[in-house]
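> Provided below for reference: sequence and predicted model.
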Amino acid sequence: MQACVHRLSTPLSPRLSIVVPFLNEEAVLPLLWARIQSLPKATEWEFIFVSDGSTDRSVEIVSGWAAESHSVKLIELSRNFGHQAAISAGLTVATGEFVGVMDADLQDEPEVLLSMFEVAVKEGYDVVYAVRTRRRETKLKRFFYFTFYRLYLFLADSPVQIDSGDFCVMSRRAVRLLLNLPEKLRFVRGLRAWVGLPSKAFPISRPARAAGAPQYSLWNLTKLAFSGLTSFSTRPLRLGFVCGSVLCLGAVIGALIYGAIALFTDVHVAAPGFSTLVIILLFSNGLIFLYLGILGEYIGQMFMEVKARPPFIIERTINLEKHSELDERD
């Protein structure tokens with residue numbers, strides 16, 4: 001289903017490839033391009049814009065840039081596959097010695113990405129990732145972000161880059177390892193930490209969105225959070241054993257207490273134990289449904305993985321040669 005447009009070849013691989021996934025960002029893309037053009041051209045780079053099923057003028061805008069400059073590439077996915085799939089699509093075609101990942105809304109600033117690139121080159125790190133020391137989000141979102149990363153740190157069986165997003169710069173070695181991982185449901189920041197290559201945190205104060213409305217809803221963030229938690233930890237599966245043990249122990253203790261009261265005291269209560277019974281039933285049933293939900297999340301991920309469908313399908317590209325990774329994935 002792939003149609004390559006303007007098949008233009010580049011004689012040398014760029015020093016830096018920058019992957020920019022976007023979805024309906026026509027309001028902010030001109031601002032992003034103005035910031036990019038104001039950057040000092042200190043290295044050879046390419047920009048790989050990935051449209052994750054955009055329905056506004058975003059693709060038309062990027063296509064215009066690509067017609068003017070061979071350093072601007074466009075990947076248009078056949079539909080909305082999700083932010084993580086769009087990033088993965090960009091990584092498959094990036095040819096740079098280093099690869100940066102940033103969002104199009106200018107919350108990930110291109111000037112900061114170049115600073116991270118300089119750190120990676122000068123200090124020899126395979127991964128330099130941004131850590132948000134301050135967010136200009138609503139209090140509710142900040143609370144959910146804070147809670148997720150602490151829960152993720154507690155549950156994860158592998159290294160965690162806390163308070164980090166997908167905004168980063170990676171070496172060619174790191175990108176190659178990421179692409180070789182077989183997951184179809186990809187949590188890029190988790191996989192980036194899992195490979196365990198030399199990494200460095202780069203503290204940033206994340207600005208507000210420059211224009212337009214956020215395309216990542218609270219529901220999408222919640223799905224991404226569950227995907228991250230279940231992809232890198234089996235500890236939630238042990239919750240059933242722990243809760244079952246606690247409930248059984250509580251039942252034994254309760255039985256002993258009521259037995260002692262019946263045998264050694266003269267205490268008699270009308271409808272004895274009714275409130276206790278109701279509370280225990282509600283609590284235990286709630287735990288059962290909670291655990292069933294956790295099991296369902298794991299089973300759902302296994303269901304999606306075993307079908308082995310490609311994580312994305314490319315509709316067309318501009319200024320890109322055919323790549324073996326594209327042939328395999330679409």
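Structure's in. What do you need?

> can we go C-alpha only for contacts and neighbour counts from here?
Fine.

> For the host helix or strand of F47, which strands pair with it and how are they oriented?
Remark: F47 resides in strand 45-51, with elements defined by DSSP states H and E. The sheet places strand 45-51 alongside strand 16-22 (parallel), strand 72-77 (parallel), with pairing taken from DSSP bridges.

> which residues touch it?
With Cα atoms under 8 Å, 6 or more residues apart in numbering as the test, strand 45-51 has contacts from 14-23, 58-59, 62, 71-77, 86-87, 89-90, 94, 96.

> returning to that earlier point: can you tell which of the strands paired with strand 45-51 is closest to S231?
Among the strands paired with strand 45-51, the nearest to S231 by Cα to Cα is strand 16-22 (22.2 Å).

> For that closest one, list every residue counted as buried.
Using 16 or more other Cα atoms under 10 Å as the test for burial, strand 16-22 gives 16-22.

> And the next helix or strand past it?
helix 29-37.

> Go through that next one and flag the buried ones.
29, 32.

> ok, now stretch 40-50?
So for stretch 40-50, counting by 16+ other Cα under 10 Å, buried means 45-50.

> Reformat the residues you listed as TSV; add distance to L277 and pLDDT.
Below are the buried residues of stretch 40-50 laid out as TSV (distance: Cα to Cα, whole Å; pLDDT from 0 to 100):
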residue	distance to L277	pLDDT
W45	67	91
E46	66	94
F47	63	96
I48	61	97
F49	59	97
V50	56	97
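
> Nearest to A104 among the residues you listed?
In terms of Cα to Cα, no member of the buried residues of stretch 40-50 lies closer to A104 than F49, at 8.8 Å.

> Sketch out the low-pLDDT regions of the stretch 51-200 of the chain for me.
Segments of the stretch 51-200 of the chain classed as low confidence (criterion: pLDDT under 70) are 135-138.

> so who does R35 touch?
Contacts for R35 (Cα under 8 Å, 6+ apart) come out as P110.

> actually P14, sorry about that
With contact taken as Cα under 8 Å, 6+ apart, P14 is in contact with 44-46, 95-97.

> show me where pLDDT drops low in the stretch 201-330 of the chain?
209-210, 212-221, 223-224, 226, 228, 240-241, 267-275, 278-279, 322-330.

> Show me where it has its strands.
Listed in chain order, the strands of the stretch 201-330 of the chain (DSSP state E, counting those that start in this stretch) span 314-318.

> in it, which spans are helices?
Ranges of helices within the stretch 201-330 of the chain are 218-231, 239-264, 274-307, 324-329, based on DSSP state H, counting those that start in this stretch.

> before we move on, back to that, so which of the strands paired with strand 45-51 comes closest to Y125?
Using Cα to Cα and comparing these, the one that lies nearest Y125 is strand 16-22, at 14.6 Å.

> Run through who's touching the closest one.
Identification of contacts with strand 16-22 by Cα under 8 Å, 6+ apart yields 43-52, 54, 83, 86-87, 90-91, 94-104.

> filter those to the buried ones?
Among the contacts of strand 16-22, those buried by neighbour count (16+ other Cα under 10 Å) are 45-52, 54, 83, 86-87, 90-91, 94-104.

> Got the domain ranges for this protein?
Using automatic domain parsing, the domain parsing of the chain gives 3-234+310-329, 235-307.

> Stretch 111-120: which residues count as buried?
Residues 112-114, 116-117, 119-120 are the ones in stretch 111-120 that count as buried (16+ other Cα under 10 Å).

> what ranges do the strands span in the stretch 1-150 of the chain?
Remark: strands assigned in the stretch 1-150 of the chain by DSSP E, counting those that start in this stretch are 3-5, 16-22, 45-51, 72-77, 98-101, 127-135.

> Now do the helices in the stretch 51-200 of the chain.
All helices of the stretch 51-200 of the chain, identified by DSSP H, counting those that start in this stretch, fall at 58-68, 83-93, 110-123, 139-155, 172-180, 188-194.

> Quick one: closest of the ones you listed to R206.
helix 110-123 (10.3 Å).

> Identify the residues contacting the closest one?
35-36, 39, 98, 100, 102, 125-129, 167-171, 202.

> how about a cut-off of 10 Å?
16, 18, 32-33, 35-36, 38-40, 42-43, 97-104, 124-130, 167-171, 198-204 (Cα atoms under 10 Å, 6 or more residues apart in numbering).

> can you pull up the bridge partners for V101?
In beta-bridge terms (that is, DSSP bridges), V101 pairs with V19, C168.

> what sits up against stretch 246-254?
With Cα under 10 Å, 6+ apart, stretch 246-254 has contacts from 240-245, 255-260, 276, 280, 283-284, 287.

> how about a cut-off of 8 Å?
Residues contacting stretch 246-254 (Cα under 8 Å, 6+ apart): S284.

> what comes up buried for it?
L247.
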